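In: After the sequence you'll find the predicted model.
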Amino acid sequence: MNSVIGSVRFSVLDRSRTREGHTAAEALRDTVELARQVEALGYHRFWVSEHHGVPGVAGSAPTVLAAAVAGATRAIRVGTGGVMLPNHQPLVVAEQFGVLESLFPGRIDMGLGRSVGFTDGVRKALGRDKDDAEDFAGRLQELLGWFRGTSPTRVHARPAEGLRVPPFVLAMGEGAAIAAAAGLPMVIGDLRDREKMRRGIDHYRTRFHPSQWAREPYVVISGTVAVAATPEDARRLLIPEAWSMAYSRTHGTFPPLPPAERVGSLRMTDKERRFYEAALAGHLAGTEEQVAHELASVLKETGADEVLVTTSTYDREALLDSYRRLAAVVRS
């Protein structure tokens with residue numbers, strides 16, 4: 001076993017991406033089924049995400065979906081990557097995770113992000129605006145207080161109070177500093193900008209304050225990893241998501257994933273082509289040997305404790321094969 005790769009945990013974040021010709025309901029069921037499959041492959045965690053009003057993403061209610069995933073699996077840790085705390089009252093978030101932990105004790109993670117809605121219309125529908133993200137640190141402390149039973153009000157979060165649900169901070173923007181000050185594990189991405197990632201990790205580690213939640217810094221690096229029999233097959237896995245990203249940058253909406261073959265037949269504008277090629281670049285993609293080499297390099301650079309893989313593609317069988325091959329790399 002590669003000593004560097006073998007010393008860290010590998011986990012999966014699935015964003016419930018919808019596919020052309022398939023329904024949102026199918027995307028959600030695909031997520032639950034993938035959780036069963038990656039549990040059998042030995043992955044440590046399975047997380048789901050929160051998006052609102054995005055045509056290409058079905059996962060809008062992460063704690064509800066996490067409950068379905070936990071109910072369909074046996075031992076894998078289940079959580080959120082993440083619940084966007086500015087969108088919710090901390091008491092409600094505490095209650096939701098308290099229910100999850102009560103139903104599935106010792107298996108629930110509480111991944112928390114600071115993003116608000118994708119568009120002005122979504123933010124208005126949520127009753128939020130961009131300024132709500134500025135008080136993430138305060139909302140985070142309020143949320144943790146509900147679990148500790150230290151709220152200044154006479155209200156008690158039932159059944160959260162007294163439960164231990166591990167919190168993680170998604171380190172977007174100032175997230176690394178907030179995670180360090182709160183003494184919480186940090187999730188940071190993406191793998192395509194390693195210099196920025198290293199700076200965020202260094203900032204987090206040098207400013208980390210031990211807490212009841214974590215005695216030492218804990219770093220989870222997140223990004224796309226695609227493994228296939230050939231480099232060309234691995235690149236093909238990346239094509240649907242890359243095109244969706246390029247389309248969103250040029251048309252203002254994030255569409256369902258198209259088949260890779262259809263993307264290959266498209267006539268792109270120069271602008272679309274630039275965004276598309278940029279979205280394809282920098283991921284960890286290739287054969288088992290190639291990905292093992294790149295993973296070892298990234299892990300040596302970052303000293304990360306865990307890798308959270310977020311791969312999305314149209315072909316579900318090819319996606320599962322990628323996770324199967326990655327699991328073999330981890331075990332080898």
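Out: That came in fine, so what should we check first? Everything numeric here is computed off the predicted structure, so don't read it as measured data.
In: next helix or strand past the lowest-mean-pLDDT helix or strand in the chain?
Out: None of the helices or strands of the chain scores lower by mean pLDDT, DSSP states H and E than helix 120-126, at a mean of 75. Reading on from helix 120-126 to the C-terminus, the next helix or strand found by DSSP states H and E is helix 136-148.
In: ok, then the element right after that next one?
Out: With secondary structure assigned by DSSP H and E, helix 136-148 is succeeded by strand 167-170.
In: Just checking: what are the partner strands of that following strand?
Out: Taking DSSP bridges as the criterion, strand 167-170 sits next to strand 108-113 (parallel), strand 186-188 (parallel) in its sheet.
In: List the contacts of Phe104.
Out: For Phe104, the contacting residues are 70-71, 78, by CB atoms under 8 Å, 6 or more residues apart in numbering. Just so you know, the C-beta spots here come from the backbone N, C-alpha and C atoms, and that holds for glycine as well.
In: quick one, helices of the chain?
Out: Ranges of helices within the chain are 3-6, 24-40, 62-72, 90-103, 120-126, 136-148, 175-182, 194-207, 231-251, 260-264, 270-280, 288-302, 316-331, based on DSSP state H.
In: How many residues are close by Arg139?
Out: 19 (other CB atoms under 10 Å).
In: Nearest spatial neighbour of it, chain-adjacent residues omitted?
Out: When the adjacent residues along the chain are set aside, Arg139 lies closest to Leu85, with 5.0 Å between them (CB to CB, 6 or more residues apart in numbering).
In: these two touch, right, the one you found and Leu143?
Out: Yes - using CB atoms under 8 Å, Leu85 is in contact with Leu143, at 6.8 Å.
In: ok, Ala226 - contacts?
Out: Contacts of Ala226 (CB under 8 Å, 6+ apart): 234-235, 237-238, 283-286, 291, 311, 313, 322.
In: before we move on, the earlier item: got a list of what the residue nearest to Arg139 touches?
Out: With contact set as CB under 8 Å, 6+ apart, Leu85 has these partners: 93, 112-114, 136, 139-140, 143.
In: got it, and Thr253?
Out: Applying CB under 8 Å, 6+ apart to Thr253 gives the contacts 55, 247.
In: Roughly how far does it sit from Gly121?
Out: The gap separating Thr253 from Gly121 is 11 Å, by CB to CB, to the nearest Å.
In: And the strands paired with strand 167-170: which comes nearest Gly264?
Out: strand 186-188 (32.8 Å; CB to CB).
In: contact partners of the closest one?
Out: The contact list for strand 186-188 (CB under 8 Å, 6+ apart) reads 81-82, 111, 168-171, 175-176, 179-180, 197, 200-201, 204, 217-222, 308.
In: And for stretch 152-169?
Out: Taking CB under 8 Å, 6+ apart as the rule, stretch 152-169 contacts 79, 81-82, 91, 94-95, 97-102, 108-113, 140, 143-144, 146-149, 151, 175, 178-179, 182, 184-187, 213, 220.
In: Just the buried residues out of those residues, in PyMOL syntax.
Out: Once 16 or more other CB atoms under 10 Å is used to decide burial, the buried members of those can be selected in PyMOL as follows:
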select buried, resi 79+81+82+91+94+95+97+98+99+100+101+108+109+110+111+112+113+140+143+144+146+147+151+175+178+179+182+184+185+186+187+213+220
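In: Where does pLDDT dip in this protein?
Out: 1, 117-119, 129-133, 173 (pLDDT under 70).
In: List the buried residues in stretch 27-36.
Out: For stretch 27-36, the buried set under the neighbour-count rule, 16+ other CB under 10 Å, comprises 27-28, 30-32, 34-35.
In: What's the end-to-end length of stretch 279-296?
Out: 23 Å (CA to CA, to the nearest Å).
In: Can you list the buried residues in that stretch?
Out: By neighbour count with 16+ other CB under 10 Å, stretch 279-296 contains the buried residues 279-280, 283-288, 291-292, 294-295.
In: Need the residues that contact that stretch.
Out: Applying CB under 8 Å, 6+ apart, the contact partners of stretch 279-296 are 2, 4-5, 191-193, 223-231, 234-235, 237-239, 241-243, 245-246, 298, 307, 325-326, 328-329, 332.
In: Just the buried ones out of those, please.
Out: If we count by 16+ other CB under 10 Å, the contacts of stretch 279-296 have these buried: 4-5, 191, 223-228, 234-235, 237-239, 241-243, 245-246, 298, 307, 325-326, 329.
In: Ala176 - how many residues pack around it?
Out: Neighbours of Ala176 using other CB under 10 Å come to 24.
In: ok, it - contacts?
Out: Contacts of Ala176 (CB under 8 Å, 6+ apart): 186, 188, 200-201, 203-204.
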